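Novice: Dropping a prediction and its sequence here:
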Amino acid sequence: MNFTFFFYLLFFLPLLIFFVWVTKEKVLKDEPIFWEYTAGIVFLLIILGDIAINTQQWFWTRSSTMGIYIGNHPIEAIIQASITPLFIISVWEFIKRQK
């Protein structure tokens, strides 16, 4: 069990917290829609990831992940796919607010 990939996610945690905190009334206002987008993106990325793994474009080494897998994907990749939409929407709302 190795936490290398997980530590890369923790590196972006302060940025995510900042952007969500600044834009929380706008981003989290439509929470059901956000969860639908997140589920759709995770589903799409799992399908594309499976294709990439089967064509040997991607691979996950057991030495760099925690060892918890859902299908062919480590749990860290699922976490990343689920927080990416929140990060993108929050940054977008932050930029719109600055204009």
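Specialist: Cool, got the structure. Numbering: from 1, shown residues only.

Novice: Work out for me the element the residue positioned nearest the centre of the chain sits within.
Specialist: The centre of the chain sits closest to Gln80, judged by CA atoms, centre = their mean, with a distance of 2.5 Å. Assigned by DSSP states H and E, Gln80 falls within helix 75-98.

Novice: Would you state the strands of the protein in chain order?
Specialist: 69-70, 73-74 (DSSP state E).

Novice: Wait, the residue nearest to the centre of the chain touches Leu9, no?
Specialist: Yes: contact criterion CB atoms under 8 Å: Gln80 and Leu9 qualify, at 6.1 Å. Backbone N, C-alpha and C define where each C-beta goes, glycine included.

Novice: Low-confidence ranges, this protein, go.
Specialist: Applying pLDDT under 70 to the chain flags residues 26-28, 30-31.

Novice: Let's see that with 50 instead.
Specialist: Counting by pLDDT under 50, the chain contains no low-confidence segment.

Novice: so what does the helix holding Gln80 touch, helix or strand wise?
Specialist: Counting contacts by 3 or more CB pairs under 8 Å, 6 or more residues apart in numbering; DSSP states H and E, helix 75-98 packs against helix 4-22, helix 24-27, helix 31-54.
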